[in-house]
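In: for reference, the sequence and a predicted model appear below.
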Amino acid sequence: MQLIKKPKIAILSLRNSYTHGGVFSLLKVVYSFCQIHFDPTVFYLSFDKELSTSVKNLKFTASTKQTDFEGMKSVAVGAKWAFWEPGHYSFTLPMWKKLLAEYDYFWAVSGTPIVAHPLALLDKKFALLACTLYDDDRQNRVKNLHGLRRIIDSMANKNMKKIEKLVLQKASIIWPMSTYAQEKFTNTCQKTNNKMILCGYPMETSTIIGLDQKKEKNIIAVGRFSDPRKNIDMLMQSFDLVWKNQPNCKLYVIGQKPEAYLIEKYKINKSFNNIIFTGKVSDDQLNDFYKKAWLMLITSHQEGFGIVGLEAMRYGVPIITTNCGGPTDFVIEGKTGYIVEINNHIAMATKALKILNNVNLLKQLSENTHVLLKSNFSTEHVHNLFINGLAKIYPNLQIF
């Protein structure tokens, strides 16, 4: 029996120094979906000194390299002049043109639309899956830039916004992960109404875990807390108020730790003894924390979606989140959790205590999280949205 050869698809994305977080999770989802229907290859920008232009290393050319990125067939594409972000793709456009010449199908997957810049410049027909705008993604991090880096960033910012608008206009189909992202993209582009498909994030809902008897009142917060967007101050302040009412409860801060100086001032609080910074944990360890948690706190200034929230809800964990964007698609006020304003730690602590002091409320919220996941975020549901979008822009594709 002759096997049918799958069509090749190029997935443009990012590779960070860490193999976790929202962008990495999203890329793995798309790659796994594409493996069913396509022969996928991931292409990502690289600043590796062997591949990229570097004055420091007296290297003035960029090159490419085939790699294996966490089990995904990939190609690293060197950059020219890392300090000038608007040129990351345009300076090496001939190289991108050559690499992508043998592909007919294209999908850009990242936190922001910028990663699709080569596809927009080369006039390719492409799909885009993104979480937020460039400015929103960086607004808190750029506050820490100083001197020459801050000047260069300020000069580049206007160009980056033009690039982002071009990408949104050129994209053939756009899957915003959240209502928040959809509104942002529409306001930026104003030409996206007929090519937007709100998709969310796919979750395995056939094996949703029930709410077990939980002996300890554990609270969890999950994320890269080295990122200023995660708002470690609000988390510390909220838990301090909770602890004063529930001195036996514990807070587990899971993920990349914040800089030591950011939490130094909170060490004088008695509640600090009940805060455990775990650092990065394995998937199995993270699932164990979800099983033991009564609730999750999301204190972020901004979130394009907040995948960890859905992961927690799979274990029946209700969520209290700031009004920071994406999480409001799955944190339904009074149904699956509560929404408070950014930096209102008093409101967050009040809502947390409302759950911690009422087991019946916890059970009801927990049941509601499962109902929402099954109706809005099942793998089958999201995959169908992917299929509908690809079929729309590639009507001759005969694989679905």
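Out: Everything's here; your move. Numbers count the residues shown, from 1 in each chain.
In: going by C-alpha atoms from here, please, whenever you check contacts or count neighbours.
Out: OK.
In: can I have the helix ranked longest in the chain written out in PDB, keeping just the CAs?
Out: Using DSSP state H to define each element, the chain has its longest helix at helix 147-170. The C-alpha trace of helix 147-170 is given here as PDB (Å, rounded to 0.1, in the frame of the first residue of the first chain):
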ATOM      1  CA  GLY A 147      20.800  54.500  28.700                       C
ATOM      2  CA  LEU A 148      21.600  53.600  25.100                       C
ATOM      3  CA  ARG A 149      19.300  50.500  25.200                       C
ATOM      4  CA  ARG A 150      16.300  52.700  26.100                       C
ATOM      5  CA  ILE A 151      17.100  55.200  23.300                       C
ATOM      6  CA  ILE A 152      17.400  52.400  20.700                       C
ATOM      7  CA  ASP A 153      14.200  50.800  21.900                       C
ATOM      8  CA  SER A 154      12.300  54.100  21.700                       C
ATOM      9  CA  MET A 155      13.600  54.700  18.100                       C
ATOM     10  CA  ALA A 156      12.600  51.200  17.100                       C
ATOM     11  CA  ASN A 157       9.200  51.200  18.600                       C
ATOM     12  CA  LYS A 158       7.400  53.200  15.900                       C
ATOM     13  CA  ASN A 159       8.800  50.900  13.200                       C
ATOM     14  CA  MET A 160       7.700  47.800  15.100                       C
ATOM     15  CA  LYS A 161       4.200  49.100  15.300                       C
ATOM     16  CA  LYS A 162       4.200  49.500  11.500                       C
ATOM     17  CA  ILE A 163       5.500  46.000  11.100                       C
ATOM     18  CA  GLU A 164       2.800  44.600  13.300                       C
ATOM     19  CA  LYS A 165       0.000  46.500  11.400                       C
ATOM     20  CA  LEU A 166       1.400  45.200   8.100                       C
ATOM     21  CA  VAL A 167       1.400  41.600   9.400                       C
ATOM     22  CA  LEU A 168      -2.200  41.900  10.700                       C
ATOM     23  CA  GLN A 169      -3.300  43.300   7.300                       C
ATOM     24  CA  LYS A 170      -1.500  40.700   5.300                       C
END
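In: name the helices or strands packed onto that helix?
Out: The contact analysis (3 or more CA pairs under 8 Å, 6 or more residues apart in numbering; DSSP states H and E) places helix 147-170 against helix 117-121, helix 134-138, helix 179-189.
In: with distance to L310 added, can I get those in JSON lines?
Out: Formatted as JSON lines, these follow (distance: least, CA to CA, whole Å):
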{"stretch": "helix 117-121", "distance to L310": "30"}
{"stretch": "helix 134-138", "distance to L310": "20"}
{"stretch": "helix 179-189", "distance to L310": "15"}
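In: out of these, which is closest to V23?
Out: helix 134-138 (11.9 Å; CA to CA).
In: that older thread, identify all contacting residues around the longest helix of the chain.
Out: For helix 147-170, the external contacting residues (CA atoms under 8 Å, 6 or more residues apart in numbering) are 83-86, 113-114, 116-117, 120, 123, 125, 133-135, 142, 174, 185, 188-189, 191-192.
In: can you give me the mean pLDDT across whatever helix or strand comes next after it?
Out: Once helix 147-170 ends, the next helix or strand along the chain (criterion: DSSP states H and E) is strand 173-176. Strand 173-176 shows an average pLDDT of 96 in the prediction.
In: going forward can the numbers begin at 752, since that is how I track them
Out: Noted, 752 is the first residue going forward, which turns the last one into strand 924-927.
In: measure how far strand 924-927 is from the centre of its chain, please.
Out: Centroid separation for strand 924-927 versus its chain: 15 Å, with CA atoms, centre = their mean, to the nearest Å.
In: give the buried residues for it.
Out: For strand 924-927, the neighbour count (16 or more other CA atoms under 10 Å) marks I924, I925, W926, P927 as buried.
In: could you dump those residues into CSV and include distance to I1097?
Out: As requested, the buried residues of strand 924-927 are exported to CSV (distance: CA to CA, whole Å):
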residue, distance to I1097
I924, 42
I925, 38
W926, 36
P927, 32
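In: so what touches stretch 854-870?
Out: With contacts defined as CA under 8 Å, 6+ apart, stretch 854-870 is touched by 759-765, 773-774, 777-778, 781, 840-841, 844, 847, 875-885, 888, 911, 914-915, 918-919, 1055.
In: gap between the two ends of that stretch?
Out: Start-to-end span of stretch 854-870 (CA to CA, to the nearest Å) is 11 Å.
In: could you do stretch 977-991 as well?
Out: Terminal-residue distance, stretch 977-991 (CA to CA): 20 Å.
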